[in-house]
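S.K.: Sequence plus the predicted model coming up.
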Amino acid sequence: MSKLTLFFIFISLVSASCKKNGVSDNQNILVITVDSSKVVLLTESDYRPIYHFTPPRNWMNDPNGLVFYKGQYHLFYQYNPNGNVWGPMNWGHATSTDLFNWQDLPIALTPDNLGTIFSGSAVIDINNTSGFKNGNEDPMVAIFTHNGSQQYQSLAFSNDKGTNWTKYIANPVLPNPGVPDFRDPKVFWYTAGQEWIMVLAAGNKVNLYASSDLKSWQFLSDFGADVGAHGGVWECPDLFELPVEGTATTKWVLMVSCNGGPNGGTATQYFIGNFDGTSYTTESTNISWIDYGTDNYAGATYNNIPSADGRRIMIGWMSNWNYADKVPTTTWRSTMTVPRVLSLVNGAQGLVMKTLPVEELNNYEFSSSDTLIETAVNSVLLTDNKTIKTGSYEINFTIDFNKSNNFIFSLGDSKEKLIVNFDKIAGLVSIDRSGSGQVDFNSQFKQIISCPFNPKTTLITNVQVLIDRTSIELFLDNGEKVMTALFFPVYQYNLLKIQGSNNVPQITNFSLKKLNKSMLR
């Protein structure tokens, strides 16, 4: 096969700082010869991410029971131990001290005569309000949906840091009131009222309940029947208080997942408002999405994060119900998003929630393989790049929309490409996965997805990209807009290109960082 010659041209580059890839500080032109016969065909084993959580085998969907206790983050999840498609739901279980290096534990909760184990949450009952304590540890209590002849809410508890579990003998603790969809309880301790609050999905709305002991629940109010997106039933609600950055103000955020997302299929919306211990009210009827990609659903946040930490940490299921059981993996299915920190900021059109990867991700950066370009350049083109070949890395750069109306960011090889298009005139950023590899495994795997995007008044946009084998997580303007999408290359990617519509220096602070494996899989 003939050789392909590619050029990396820096125009008007006076004092660029370029490291790795054999480029000295005073070079303006780099010519790299790539042998296209070295294009590598991938297998399913190449699809498993190295720093995102995946199940050891078989099917996984919603994250459940996210709770922190004595130095460990617990991740429970919807799990079918008997196959790679959705089936009788169990709670799988893993723990981590840093949100990345996960250790698998035995299945926590299994089906019984009341039904299978649907989604829910977990709390640390520090004051032993439930009376479940037996030993020196605070009880860890799971509140979950039993899915049987009806859907109702039940309890299980652990007195050994979540290793062994006992279901409450008097389950269910919240019977079904006569509705088909009554599930996914998120419970938290409400300090102002000195009681437990539950937010529960109930068809086209959420219900709020209160309890002093986790066993007996009193209905408080409902919310949402006439606001928000309603492309399907509501699922996996979460309610929490967040400070507004730079102010002394706090607001209450309600997250709810549903069908009818901005790019089709399932997605998670959020509301910003107030909770008075009885009712939740929102300050805007606009529909706000926590992620404009197609592959972030059923997100949940951690309970019991120490006040000295203070973060609100979320994990979502990285898939879409339109095609989750059709993605081209067989021994295992589904991935969780990278853990993200949530915060509120004053945006151009009012309060918005931003999400960014947790800082613990920095511990897995492999600095010796970095590519760094600090000075403004016309374009970036890396060919036959060792870090891109690994399939797992982080990219950061800044683009100046004063200089160009359009920017193209692409990853790929001589046969396939994943493209991100920033279009100032159209006010959109789009991810084009039509030529990224396997795209025909399901007709609902949307090939081009987009997000409304208006560069800030300075027209300088910061971009952070996380790639991990089969996923892209795109964070714009410090996390005020986010897109998450799956893609499935057939060939090993080895090229990266960023190019603006004008031939002037417009890209700064470019860095490429390889990320190391965080868990054994």
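M.R.: That came through, no problem. Numbers count the residues shown, from 1 in each chain.
S.K.: longest strand in this protein, by residue count?
M.R.: Taking DSSP state E as the criterion, the chain has its longest strand at strand 58-69.
S.K.: Who are the packing partners of it?
M.R.: strand 72-80, strand 90-96, strand 116-124, strand 140-147, strand 297-301, strand 312-317, strand 332-333 (3 or more C-beta pairs under 8 Å, 6 or more residues apart in numbering; DSSP states H and E). In short, each C-beta sits where N, CA and C put it, glycine included.
S.K.: just the CA coordinates of that strand, formatted as PDB?
M.R.: Output of strand 58-69 as PDB, limited to C-alpha atoms (Å, rounded to 0.1, in the frame of the first residue of the first chain):
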ATOM      1  CA  ASN A  58     -23.500  -8.800  31.100                       C
ATOM      2  CA  TRP A  59     -26.100  -6.000  31.100                       C
ATOM      3  CA  MET A  60     -26.000  -2.800  33.200                       C
ATOM      4  CA  ASN A  61     -28.200   0.300  33.200                       C
ATOM      5  CA  ASP A  62     -29.200   3.000  35.800                       C
ATOM      6  CA  PRO A  63     -26.700   3.900  38.600                       C
ATOM      7  CA  ASN A  64     -28.400   3.300  42.000                       C
ATOM      8  CA  GLY A  65     -27.700   3.900  45.600                       C
ATOM      9  CA  LEU A  66     -24.900   6.400  45.200                       C
ATOM     10  CA  VAL A  67     -23.500   7.000  48.700                       C
ATOM     11  CA  PHE A  68     -20.200   7.800  50.400                       C
ATOM     12  CA  TYR A  69     -19.200   6.100  53.700                       C
END
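S.K.: average pLDDT for it?
M.R.: What strand 58-69 shows for mean pLDDT is 98.
S.K.: how about the closest residue to Ala376 other than its chain neighbours, secondary structure?
M.R.: Among residues not flanking Ala376 along the chain, Pro505 sits closest, at 3.5 Å (C-beta to C-beta, 6 or more residues apart in numbering). What DSSP: H, G, I helix; E, B strand; the rest coil gives for Pro505 is coil.
S.K.: Against Pro243, how distant is Pro505?
M.R.: Counting by C-beta to C-beta, to the nearest Å, the separation of Pro505 from Pro243 is 38 Å.
S.K.: re earlier: I'd like the helices and strands packed on strand 58-69 as CSV, with mean neighbour count appended.
M.R.: Conversion of the helices and strands packed on strand 58-69 to CSV gives the following (neighbours: other C-beta atoms under 10 Å):
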stretch, mean neighbour count
strand 72-80, 24
strand 90-96, 21
strand 116-124, 25
strand 140-147, 25
strand 297-301, 27
strand 312-317, 24
strand 332-333, 21
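S.K.: now for those, which one comes closest to Phe487?
M.R.: Set against Phe487 and scored by C-beta to C-beta, the helices and strands packed on strand 58-69 come closest in strand 332-333, at 15.7 Å.
S.K.: And the residue nearest the centre of this structure?
M.R.: For the chain, the residue nearest the mean C-alpha position is Thr337 (3.3 Å; C-alpha atoms, centre = their mean).
S.K.: contacting residues for Asn346?
M.R.: Val244, Glu245, Gly246, Val352 (C-beta atoms under 8 Å, 6 or more residues apart in numbering).
S.K.: State whether the last one is indeed within a strand.
M.R.: Yes. When classified by three-state DSSP, Val352 is found to be part of a strand.
S.K.: from what I can see it touches Leu344, true?
M.R.: Yes. Assessed by C-beta atoms under 8 Å, Val352 is found in contact with Leu344 at 7.3 Å.
S.K.: Specify which residue of those two has the higher count of neighbours.
M.R.: Neighbours were counted for Val352 and for Leu344 using other C-beta atoms under 10 Å; Leu344 has more, 22 against 18.
S.K.: what helix or strand is that one on?
M.R.: strand 340-347 (DSSP states H and E).
S.K.: where does the residue nearest to Ile460 when sequence neighbours are not counted fall, phi/psi-wise?
M.R.: Once flanking residues are discounted, Ile460 sits nearest to Asp400: 5.6 Å by C-beta to C-beta, 6+ apart. Backbone geometry at Asp400, expressed as degrees, to the nearest 10, gives phi -110, psi 100.
S.K.: for Asp400, what are its contacts?
M.R.: Ala376, Leu459, Ile460, Gln506, Ile507, Thr508.
S.K.: Can you turn the buried part of the residues you listed into a ChimeraX selection?
M.R.: Selecting only the buried entries of the contacts of Asp400 in ChimeraX, with 16 or more other C-beta atoms under 10 Å as the criterion:
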select :376,506,507,508
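S.K.: nearest to Ala210, of the contacts of Asp400?
M.R.: Using C-beta to C-beta, the contacts of Asp400 come closest to Ala210 at Ile460, 47.0 Å.
S.K.: Distance of the closest one relative to Lys251?
M.R.: 28 Å.
S.K.: And Gly316, by the same measure?
M.R.: 21 Å.
S.K.: which stretches of the stretch 351-500 of the chain form helices?
M.R.: For the stretch 351-500 of the chain, the helices defined by DSSP state H, counting those that start in this stretch occupy 386-390.
S.K.: residues contacting the residue nearest to the centre of the chain?
M.R.: His52, Asn296, Gly299, Met314, Ile315, Gly316, Trp317, Met318, Glu473, Thr484.
S.K.: can you rerun that using 7 Å?
M.R.: The contact partners of Thr337, by C-beta atoms under 7 Å, 6 or more residues apart in numbering, come to Asn296, Ile315, Gly316, Met318, Glu473, Thr484.
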